[in-house]
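# A structural model of the following input is requested.
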Amino acid sequence: MLIGLSPRRRFAVISIFSFVVLLALFSRTEMGVTALDTVKEKLPLPPMRSGQGQGKEEKEKPRPHPKYKPLPSDNNGYVPPPVREPFPLLANSDASTLPPPIPEWNRPRPNLHTEYGLATPPPLLIGFTRSWPMLLQAVVSYITAGWPAEQIYVVENTGVQQANTRGQLTLQHPFYLNHTTLRRLGVNVVQTPVLLTFAQLQNFYLSLTYARGWTYYFWSHMDVLTLSYEEGLDGVTPPYSDKGVNGKAGSGYKTVYELCCQALQGTLLDDPHWGLRFFAYDHLALVNPAAYEAVGGWDTLIPYYMTDCDMHARLGMANWTIEDRRAGIVTDVNTVLADLAVLYRVDGLPDPDFVDPNPRPQTAEEKKIHGRDDEAAAPAPPADTRLDQWRKLRDVSDRMFQYKHGDRERNTWQAGQTGGQGEKFYYPAQGIAEGIDVLTEAGREVYRRKWGHRDCDLVDGAGLSLWDQWLVEKDW
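Take a look at the predicted model:
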């Protein structure tokens, strides 16, 4: 059969025949069977014709569908109405429009801090994460009560990077902050690099003292409304009309800022081992950074509630003093004045009232607290128009406090802004709230394990000392 072929073709035929024989023999070995199975697995199957293979191959499973939570409106609830700008005068004007003048009796004297022997103007830090109307109210109330705007530092702790600086978020976005308005008010804005928990934010404040050379600072919550003692307070300050002796420091009416300077001066002179001074618990607090550093700063493993108990207890255990002082009316609130211009005593405005950024239908008792009960008595004619305006602000701030501490949770205001879908760094408001709740409870558990005690009274209630942390069995 191969005789008529040329030598080259004869060699090719013999080579092919030999390869086929060897392949047949290899396929009968164990290694050959494994190799063929592997090749079959790698080769794609031909498309199956309709009906082919049914009964042999399992049908493709349907894609699972998530079960969604009911919306508030589906669960006998409702979605909060959109929040509104609480300072229409600034919101509805261009950037060249300045805010109204501060009441003249509350305007800080230039370099007032030097009258109290203070080398550095005391900074006031106000942290912000969400609820722009609440923050704006806190800032405006401090300014109109006499704190120099240039010494107020709003710490933007939103985690939205430059989105607020560029004006890329809208009012309903939970993390919205208006840098333009804050600049018009004259305050400073400092940004955290990422979204921080409360304990981390406190340590960020400490880091600012190193960067800026501060040996003391004040800090305040953003959910407060602050007033100076314009009516006067026995043993603290005479009324606003008392100008003192030639404007001499401490001789006449003193604003919340001047009283804080006075308290700081006395603290520095009298107590070399001071840690904290509270002016309405920590709604307004004076901090010694050296004390924080000495006890290792705030415990960031306890991110929210109970972290203050941990920090303040450690300061006390290390013999850093914590004392109370009085400087003004700093009210814990969860609502916003309907128009912040009333803090400037602008003429022609209605009496001050407040708006809940996350309202629900009010009970009759809440309507009374809100000051809208038809049976409320008419106020007596004022003897002093300025004091009458201040008393109305004081009274509405008290009603705001009562409203916050009613039968609703204190921090309902944090869920007032529910928009922002499609904007940069959007995060659902409900997700923020639930996530913080989870972290808060985890922090409580860390606190319990750290100290073996569940409550704030680590010394009086448990007899603990500084380095008992993480060493004791639970006491319940």
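# from the contact counts, what lies against the helix or strand where residue 127 lies?
Residue 127 belongs to strand 124-128 when elements are defined using DSSP states H and E. If you count contacts as 3 or more Cβ pairs under 8 Å, 6 or more residues apart in numbering; DSSP states H and E, strand 124-128 packs onto helix 132-145, strand 152-156, helix 198-212, strand 217-220. In this view, the C-beta of every residue, glycine as well, is placed from N, C-alpha and C.
# grab the longest helix from the chain for me.
helix 429-451 (DSSP state H).
# name the surrounding residues that touch that one.
Residues outside helix 429-451 that contact it (Cβ atoms under 8 Å, 6 or more residues apart in numbering) are 130, 174, 197, 299, 301-307, 309-310, 414-415, 417-418, 454, 458, 462, 464, 468-470, 472, 474.
# let's see that with 7 Å instead.
174, 197, 301-307, 310, 414-415, 417-418, 454, 458, 462, 464, 469-470, 472, 474 (Cβ atoms under 7 Å, 6 or more residues apart in numbering).
# what do you get for stretch 150-169?
121-129, 135, 139, 142, 175-177, 179, 182, 186-192, 194-196, 201, 420, 423-425.
# give me the buried entries from those residues.
121-129, 135, 139, 142, 175-177, 182, 187-192, 195-196, 201, 420, 423, 425 (16 or more other Cβ atoms under 10 Å).
# mind listing what's buried in stretch 81-101?
83, 85-87, 89-90, 99.
# first vs last residue of that stretch, how far apart are they?
32 Å (Cα to Cα, to the nearest Å).
# let me know the average pLDDT across it.
Across stretch 81-101, pLDDT averages out at 90.
# ok, back up a step: give me whichever of the helices and strands packed on strand 124-128 is most buried.
helix 132-145 (a mean of 26; mean count of other Cβ atoms under 10 Å).
# compute the inter-axis angle for that helix and strand 124-128.
If you take axes from the mean of the first three to the mean of the last three Cα atoms, to 10 degrees, helix 132-145 sits at 170 degrees to strand 124-128.
# could you list every helix and strand in contact with helix 132-145?
Helix 132-145 sits against strand 124-128, strand 152-156, helix 179-185, strand 224-227, strand 336-337, with contacts defined as 3 or more Cβ pairs under 7 Å, 6 or more residues apart in numbering; DSSP states H and E.
# at 8 Å what do you get?
Using 3+ Cβ pairs under 8 Å, 6+ apart, helix 132-145 is in contact with strand 124-128, strand 152-156, helix 179-185, strand 224-227, helix 256-270, strand 336-337.
# could you give the angle of it to strand 152-156?
Using the same axes, to 10 degrees: helix 132-145 against strand 152-156 is 170 degrees.
# please state the offset of helix 132-145 from the chain centre?
15 Å (Cα atoms, centre = their mean, to the nearest Å).
# quick one: average pLDDT of it?
Averaged across helix 132-145, pLDDT comes to 98.
# that one vs helix 256-270, what angle?
Using the same axes, to 10 degrees: helix 132-145 against helix 256-270 is 70 degrees.
# let me know the average pLDDT across stretch 340-359.
Mean per-residue pLDDT for stretch 340-359: 90.
# and the helices and strands packed on strand 124-128: which comes nearest residue 344?
Nearest of those to residue 344, taken as Cβ to Cβ: helix 132-145 at 5.7 Å.
# so which residues of the stretch 301-450 of the chain form strands?
Counting by DSSP state E, counting those that start in this stretch, the stretch 301-450 of the chain has strands at residues 321-324, 329-332, 336-337, 354-355.
# in the chain, where is pLDDT below threshold?
By pLDDT under 70, the weakly predicted segments of the chain are 1-5, 7-8, 10-13, 19-58, 72-79, 245-250, 360-382, 407-416.
# one more pass at 90, please.
Counting by pLDDT under 90, the low-confidence segments of the chain come to 1-61, 69-83, 92-97, 243-251, 347, 355-384, 404-419, 429-430.
# please name the residues that touch the residue nearest the centre of it.
The centroid of the chain falls nearest to residue 129 when counting by Cα atoms, centre = their mean (3.2 Å). By Cβ under 8 Å, 6+ apart, the contact set of residue 129 is 157-158, 175, 195.
# next, work out how far apart it and residue 211 are.
21 Å (Cβ to Cβ, to the nearest Å).
# residue boundaries of the helices in the stretch 1-150 of the chain?
Under the criterion DSSP state H, counting those that start in this stretch, helices of the stretch 1-150 of the chain are mapped to 7-27, 30-42, 88-91, 132-145.
# about what we covered before: and of the helices and strands packed on helix 132-145, who's closest to residue 235?
Comparing the helices and strands packed on helix 132-145 by Cβ to Cβ, helix 256-270 comes nearest, at 11.6 Å.
# contacting residues around the following helix or strand past that closest one?
Next in sequence after helix 256-270, counting helices and strands by DSSP H and E, comes strand 274-278. Contacting residues not belonging to strand 274-278 are listed as 263-264, 267-268, 284-288, 291-292, 312, 315, 320-325 [Cβ under 8 Å, 6+ apart].
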